[in-house]
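Colleague: Okay, structure incoming, though there's no sequence with it:
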């Protein structure tokens with residue numbers, strides 16, 4: 001939706017509750033927000049919150065400490081300054097800060113009061129708030145304060161904007177005032193980010209439902225086919241669930257150097273990418289998968305949600321052991337649905353699936369942390385990685401996606417391919433509406449039993465709450481797919497000088513090296529040491545600066561290739577600095593399978609394999 005500039009944001013609420021620090025509210029109270037963006041070039045906004053009709057002795061207001069879609073305490077109040085409170089005549093009111101994100105205003109009979117503060121907005125990477133001379137991206141949880149008593153009441157929202165700016169948001173306009181936005185409650189407001197500025201708006205329809213793409217940044221880099229491809233993705237998701245849970249949807253899209261990531265919202269998403277994304281087929285496929293991921297969340301999380309996330313508590317962590325469903329299932333479907341939509345080829349998908357499988361099968365942390373713990377500890381582990389994370393954790397996104405693949409194939413196998421994970425998604429959508437309490441692991445097991453006619457407790461014990469190695473190859477074979485490492489000749493396997501079927505493995509990851517963070521063309525700085533490699537027991541640690549292998553200079557870009565030229569069982573001496581002290585260490589290289597893991601179709605599929613493959617990916621066996 002595009003709105004004219006010169007807008008005002010108004011939040012009106014009705015409250016009949018009592019504040020924990022105040023007397024009962026005897027008459028309806030209203031709240032009005034104003035946000036002035038005329039000084040956008042300074043990356044700041046002035047926010048006002050006017051309360052009328054308050055009858056308590058004090059008013060508590062809060063800014064959320066996190067935002068929906070990111071399981072991390074962000075302490076958003078850090079960008080607030082100049083907090084003040086006045087009555088309707090402009091007389092200052094006394095207030096105190098009661099917690100890091102909470103303020104208490106002593107109203108003492110004052111019915112009408114205004115809270116104001118300056119907001120600094122320079123957080124594009126975490127998709128909370130960003131303002132400059134060209135736009136303002138406002139995730140309301142990072143912008144608007146609230147009081148608990150007014151949280152569940154209807155909201156009207158409007159903005160004061162520089163001339164020429166447009167507005168795109170999932171919120172609907174007031175029919176009588178196109179410059180006023182409406183939300184039924186604060187939760188809806190929080191889950192409806194507002195993008196305003198110099199925007200390029202594109203539209204398409206699927207099943208009669210309008211969709212918008214609002215682009216900020218390098219819009220000229222975005223080809224027109226994006227709308228066609230987004231429509232194809234929306235169409236297959238509509239087919240999966242049977243209906244859209246919204247009457248309008250908005251893809252808020254940032255296109256800027258270094259931009260990445262996305263966040264789901266109630267009937268919109270914010271997705272970010274680089275201008276060069278559209279120049280490379282692989283990068284463009286990744287962009288489509290991101291859009292698919294965030295759109296799928298409109299059902300999974302935004303309509304049916306784990307009980308631990310119901311309702312949101314904005315002042316602390318919200319714990320659940322089901323992020324492997326909320327995020328992992330979504331990650332499983334994002335690329336798969338791109339194949340069903342025809343915007344990814346089967347070959348593209350199998351290549352991506354092979355890389356994901358390799359990463360999960362080789363991760364030491366898979367033997368340590370189950371998916372339930374990965375989900376529950378998201379607040380302290382997933383979003384706060386350390387150099388040891390690879391050894392002690394798994395991702396509820398990535399391993400979650402692989403376990404969902406296993407679950408999908410298991411359901412299909414038990415039911416003769418008459419049921420699948422698609423049916424589980426539809427049942428969650430039907431049985432657990434947003435107005436309800438949210439689902440639990442026990443609820444999920446009931447749905448699986450109802451659909452498949454058998455219990456899945458052992459499956460969960462092995463792969464969800466346990467760390468049993470995933471039988472990915474066995475599952476893929478049921479789909480007519482096989483995992484292998486091509487390119488190793490028989491004579492190489494038996495030749496001792498070639499290392500056989502294994503290649504040398506140290507367990508060392510360096511910045512600028514294979515499988516590590518991009519970066520250092522200079523010295524090989526250790527970013528992680530895997531516990532399944534010899535360097536771990538030898539005592540090499542993160543931030544050690546490796547300068548030589550067997551007395552020869554080495555740099556970050558050639559460390560991994562140099563190690564691969566050696567053989568398993570060979571001793572190697574590493575020279576390195578630790579805190580400016582030159583040291584040496586000698587270790588015996590281990591081995592790991594040589595070659596890149598591939599997933600390909602079997603040469604002669606059975607009728608069952610062919611049928612399961614075609615219903616799974618939505619494409620004919622060719």
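Modeller: Structure received. Nothing here was measured: the structure is a model prediction, and the numbers come from that model.

Colleague: Run a quick neighbour tally on the residue nearest to residue 40 when sequence neighbours are not counted.
Modeller: Once flanking residues are discounted, residue 40 sits nearest to residue 131: 5.0 Å by Cβ to Cβ, 6 or more residues apart in numbering. Yep, even glycine has a C-beta here, placed from its N, CA and C like the rest. Neighbours of residue 131 under the rule other Cβ atoms under 10 Å: 25.

Colleague: So what pairs up with residue 131 in the strands?
Modeller: Listed by DSSP bridges, the beta-bridge partners for residue 131 are residue 136.

Colleague: for this protein, what helix or strand is lowest in average pLDDT?
Modeller: Within the chain, no helix or strand scores below helix 490-494, which has a mean of 53 by mean pLDDT, DSSP states H and E.

Colleague: Following element in sequence after that one, please.
Modeller: strand 502-505 (DSSP states H and E).

Colleague: which other helices and strands contact whichever helix or strand comes after that following strand?
Modeller: Using DSSP H and E, the helix or strand that directly follows strand 502-505 along the chain is strand 508-510. If contacts are counted by 3 or more Cβ pairs under 8 Å, 6 or more residues apart in numbering; DSSP states H and E, strand 508-510 sits against strand 524-529, helix 559-564.

Colleague: Apply 10 Å and report the result again.
Modeller: Contact here means 3 or more Cβ pairs under 10 Å, 6 or more residues apart in numbering; DSSP states H and E; on that basis strand 508-510 packs against strand 524-529, helix 534-538, strand 545-549, helix 559-564.

Colleague: Tabulate those in a markdown table, adding columns for mean neighbour count and distance to residue 82.
Modeller: A markdown table is the format used below for those (neighbours: other Cβ atoms under 10 Å; distance: least, Cβ to Cβ, whole Å):
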| stretch | mean neighbour count | distance to residue 82 |
| --- | --- | --- |
| strand 524-529 | 24 | 41 |
| helix 534-538 | 19 | 51 |
| strand 545-549 | 19 | 45 |
| helix 559-564 | 18 | 50 |
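
Colleague: Now render these as a markdown table, adding mean pLDDT.
Modeller: Output for the helices and strands packed on strand 508-510, formatted as a markdown table (pLDDT from 0 to 100):
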| stretch | mean pLDDT |
| --- | --- |
| strand 524-529 | 96 |
| helix 534-538 | 97 |
| strand 545-549 | 96 |
| helix 559-564 | 95 |
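
Colleague: Which of the ones you listed sits closest to residue 443?
Modeller: In terms of Cβ to Cβ, the element of the helices and strands packed on strand 508-510 nearest to residue 443 is strand 524-529, at 37.6 Å.

Colleague: mind listing what that closest one pairs with, with the direction of each?
Modeller: With DSSP bridges as the test, strand 524-529 is paired with strand 508-510 (antiparallel), strand 545-549 (antiparallel).

Colleague: Next, the contact list for residue 403, please.
Modeller: By Cβ atoms under 10 Å, 6 or more residues apart in numbering, the contact list for residue 403 reads 324-325, 328-329, 332, 360, 371, 394, 396, 459-460, 462-464, 470, 472.

Colleague: again, only this time at 6 Å
Modeller: residue 463 (Cβ atoms under 6 Å, 6 or more residues apart in numbering).

Colleague: ok, now how distant is it from residue 453?
Modeller: When distances are taken as Cβ to Cβ, to the nearest Å, residue 403 and residue 453 turn out to be 21 Å apart.

Colleague: before we move on, what about residue 438?
Modeller: 26 Å.

Colleague: which one of those two has more residues nearby?
Modeller: Taking other Cβ under 10 Å, residue 438 and residue 453 do not tie; residue 438 has more neighbours (18 against 10).

Colleague: Spatially, which residue comes closest to residue 608, not counting chain neighbours?
Modeller: Using Cβ to Cβ, 6+ apart and skipping residues adjacent in sequence, the residue nearest residue 608 is residue 417, 7.3 Å away.

Colleague: Give me the pLDDT for that neighbour.
Modeller: Here the pLDDT value assigned to residue 417 is 98.

Colleague: okay, now it: neighbour count?
Modeller: When counting by other Cβ under 10 Å, one arrives at 18 neighbours for residue 417.

Colleague: swap in residue 550?
Modeller: The number of residues packed near residue 550 is 14, by other Cβ under 10 Å.

Colleague: Ok, residue 458 next?
Modeller: Using other Cβ under 10 Å, residue 458 has 10 neighbouring residues.

Colleague: Mind telling me what element it is part of?
Modeller: For residue 458, the host element (DSSP H and E) is helix 457-463.

Colleague: Which helix or strand lies directly C-terminal to that helix?
Modeller: Once helix 457-463 ends, the next helix or strand along the chain (criterion: DSSP H and E) is helix 472-478.

Colleague: That next one packs against which elements?
Modeller: Applying 3 or more Cβ pairs under 6 Å, 6 or more residues apart in numbering; DSSP states H and E, one finds that helix 472-478 contacts helix 398-414.

Colleague: Give the buried residues for the helix it packs on.
Modeller: For helix 398-414, the neighbour count (16 or more other Cβ atoms under 10 Å) marks 398-412, 414 as buried.

Colleague: Next, the angle from the helix or strand following that helix to helix 398-414.
Modeller: Sequence-wise, the next helix or strand downstream of helix 398-414 (DSSP H and E) is helix 421-431. For helix 421-431 and helix 398-414, the angle between their directions (axes from the mean of the first three to the mean of the last three Cα atoms, to 10 degrees) works out to 100 degrees.

Colleague: distance between stretch 426-446 and the chain's centre?
Modeller: 21 Å (Cα atoms, centre = their mean, to the nearest Å).

Colleague: Averaged pLDDT, that stretch. What do you get?
Modeller: Averaging pLDDT along stretch 426-446 gives 97.

Colleague: Identify each buried residue in it, please.
Modeller: Buried, per 16+ other Cβ under 10 Å, within stretch 426-446: 426, 427, 428, 429, 432, 438, 439, 440, 441, 443, 444.

Colleague: do the same with stretch 340-359
Modeller: Of the residues in stretch 340-359, those buried (16+ other Cβ under 10 Å) are 340-341, 343-344, 346, 348-354, 356-359.

Colleague: swap in stretch 365-382?
Modeller: 365-366, 369-379, 381-382.

Colleague: which of the residues you listed sit farthest apart?
Modeller: Checking the buried residues of stretch 365-382 with Cβ to Cβ, the most distant pair is 366 and 379, at 20.9 Å.

Colleague: so how far is residue 114 from the spatially closest residue to residue 434 that is not a sequence neighbour?
Modeller: Distances taken as Cβ to Cβ, 6+ apart place residue 303 nearest to residue 434, at 5.4 Å, with adjacent residues excluded. Counting by Cβ to Cβ, the separation of residue 303 from residue 114 is 37 Å.

Colleague: now, which of the buried residues of stretch 340-359 sits nearest residue 486?
Modeller: Here the nearest of the buried residues of stretch 340-359 to residue 486, counting by Cβ to Cβ, is residue 354; it sits at 11.1 Å.

Colleague: ok, the nearest residue to that closest one once chain neighbours are set aside - contacts?
Modeller: Distances taken as Cβ to Cβ, 6+ apart put residue 599 closest to residue 354, at 4.4 Å, once the chain neighbours are dropped. Contacts for residue 599 (Cβ under 6 Å, 6+ apart) come out as 350, 353, 354, 481, 483.
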